[in-house]
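Asks: Model the structure of this input:
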Amino acid sequence: MIPERNKRLRLCATLGALWIICGAMVARPAAPSHFVNAMAGESGVPETIVINEILAHSDDSDAVELLNIGEMPVDISGWLLTDDLTKAQSLWARIPSGTVLAPGAYYVSWQIDQNRGNWSFGLSEAGETVHLLRPDPAGGPPLPVQQVSFGASPNNVSFVRYVDSTGRVHYPLQAGRPTLGAANRGPRLSPVVIEEIMHHPPGGGEEYVVIANVSGLPIPLYDPGFPGNAWKFVGQDQNGRSHDMLVFPTAVQLDPYERIVLAEGDPAALRQRYGISESLRIFRWQRGGLNNRRERIALMEPQPPEADGVTVYYVVADAVEYNYDPDSGLPLWPDASGNGLALARVDGRAFGDDPANWHAIAPLRKVAPRLYLPWVSVETAEAE
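Replies: Alright, predicted model coming up:
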């Protein structure tokens, strides 16, 4: 007769194996987009036309896709798109008369369009803001419908509208090629993710972030074509501006399923405090610390240099914006602020910037295992 404890452990191992087998059947490209901000219309009328996809880096044509998420057709004749509200309206892209979007229908505005005319502007591969406006029935200035700010993007990779478990709208990079005029595939996910965050340790404690390779392949934290261009770990300064906290040393590579720790303080002190094995690598970040209440942190991946050979744009591999500020208008995250607990990711192969994909745990409970398993399996086994 198999003891009850062994039954539970065997069940956990079976669940973990099924997770790995299922994961191997799904293509897993790399890296959500840069920071994005979606602002709804200011006209007082519920908006059902949304920016659903943005292609800002293409050798053929930039594009913006609109989608009707409502239950009624909407006439979008004369609606406007621009990347600069200070430009003359004659330079904005205008949607032709007679354009009506049925519920669930798409409209794609192309930068280069032989039938409808070209835009007088192009979207930047380095990132900017696209604005959608509509005519004012009273004859006033155009009314804002939505604006989306986005960062750098790889060639022929678009940003797509994604709604998380709290209803918050994000615009991550899309998995695979653009889907203009069709349903989105969902977020592009990185094999290297932010897995654990100690952003508000009790007095005398050290801040840290755990980075995990959730794939079975070695992942270089640099551009293989230009090895001097390394990944970055970024946070925000007191004014909310992004800044580099750590530029990874040259030639750092993560082994399959390897975890590393990024620390604010002395790595030796962190290792002693938590009994971390000498085999686990700890990197001390070079600048700044983590905000106790709210901050966006991200792993940034370099793109190939531009034609000048010097300019390098970075796209987001993974990003998390935790929040404990009830006045921010954002959903609150699991309680791991000042109570000795850390934020821990539930599923490294799911969208990271969603409170539902995080919970609070005792610090550094996953730095020992070499095999990446879902949290539920690991915790069930360890609790016995």
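Asks: Next one: W333 from R345, what distance?
Replies: According to CB to CB, to the nearest Å, W333 stands 12 Å off from R345. In this view, the C-beta of every residue, glycine as well, is placed from N, C-alpha and C.
Asks: can you check A105 too?
Replies: Taken as CB to CB, the span from A105 to R345 is 36 Å.
Asks: Find the residues that touch each one of W333 and R345.
Replies: W358 (CB atoms under 8 Å, 6 or more residues apart in numbering).
Asks: Outline the domain layout of this structure.
Replies: Annotated domains of the chain cover 37-170, 192-383 [automatic domain parsing].
Asks: Those: which one's closest to N184?
Replies: domain 37-170 (4.2 Å; CB to CB).
Asks: quick one: that closest one to chain centroid distance?
Replies: Centre-to-centre, domain 37-170 and its host chain are 21 Å apart (CA atoms, centre = their mean, to the nearest Å).
Asks: average model confidence for that domain?
Replies: Averaged over domain 37-170, pLDDT sits at 92.
Asks: Over to stretch 346-361?
Replies: For stretch 346-361, mean pLDDT rounds to 96.
Asks: Excluding chain neighbours, give the residue nearest to P363 in space.
Replies: Counting by CB to CB, 6 or more residues apart in numbering, P363 lies nearest to A342, which is 4.7 Å off, once chain neighbours are set aside.
Asks: in the sheet, who's paired with that neighbour?
Replies: Under DSSP bridges, the beta-bridge partners of A342 are I361.
Asks: who's in contact with it?
Replies: 196-198, 336, 360-364.
Asks: what packs against the helix or strand harbouring H131?
Replies: According to DSSP states H and E, H131 maps onto strand 128-134. Under the contact criterion of 3 or more CB pairs under 8 Å, 6 or more residues apart in numbering; DSSP states H and E, strand 128-134 touches strand 49-55, strand 63-68, strand 80-82, strand 143-150.
Asks: and those as CSV, adding distance to P256?
Replies: Shown next, in CSV, are the helices and strands packed on strand 128-134 (distance: least, CB to CB, whole Å):
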stretch, distance to P256
strand 49-55, 33
strand 63-68, 37
strand 80-82, 44
strand 143-150, 32
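Asks: Of all these, which one is nearest S120?
Replies: strand 80-82 (9.2 Å).
Asks: which helices and strands sit right next to that closest one?
Replies: Right, strand 80-82 is packed against strand 93-94, strand 128-134 by 3+ CB pairs under 8 Å, 6+ apart.
Asks: The ones you listed into CSV, with extra columns for distance to L221 and mean neighbour count?
Replies: Listed next are those as CSV, based on distance: least, CB to CB, whole Å; neighbours: other CB atoms under 10 Å:
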stretch, distance to L221, mean neighbour count
strand 93-94, 39, 20
strand 128-134, 27, 20
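Asks: thinking again about what came up before, settle it for me: which of A105 and R345 has more neighbours?
Replies: R345 (24 against 13; other CB atoms under 10 Å).
Asks: Let me see the contact set for that one.
Replies: Counting by CB under 8 Å, 6+ apart, R345 makes contact with 193-196, 352, 357-358, 375.
Asks: rerun that using 6 Å as the cut-off
Replies: By CB atoms under 6 Å, 6 or more residues apart in numbering, the contact set of R345 is 195, 358.
Asks: circling back: need the helices and strands packed on strand 128-134 in JSON lines with distance to R185 and mean neighbour count, can you?
Replies: Putting the helices and strands packed on strand 128-134 into JSON lines (distance: least, CB to CB, whole Å; neighbours: other CB under 10 Å) gives the following:
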{"stretch": "strand 49-55", "distance to R185": "10", "mean neighbour count": "23"}
{"stretch": "strand 63-68", "distance to R185": "13", "mean neighbour count": "23"}
{"stretch": "strand 80-82", "distance to R185": "23", "mean neighbour count": "21"}
{"stretch": "strand 143-150", "distance to R185": "17", "mean neighbour count": "20"}
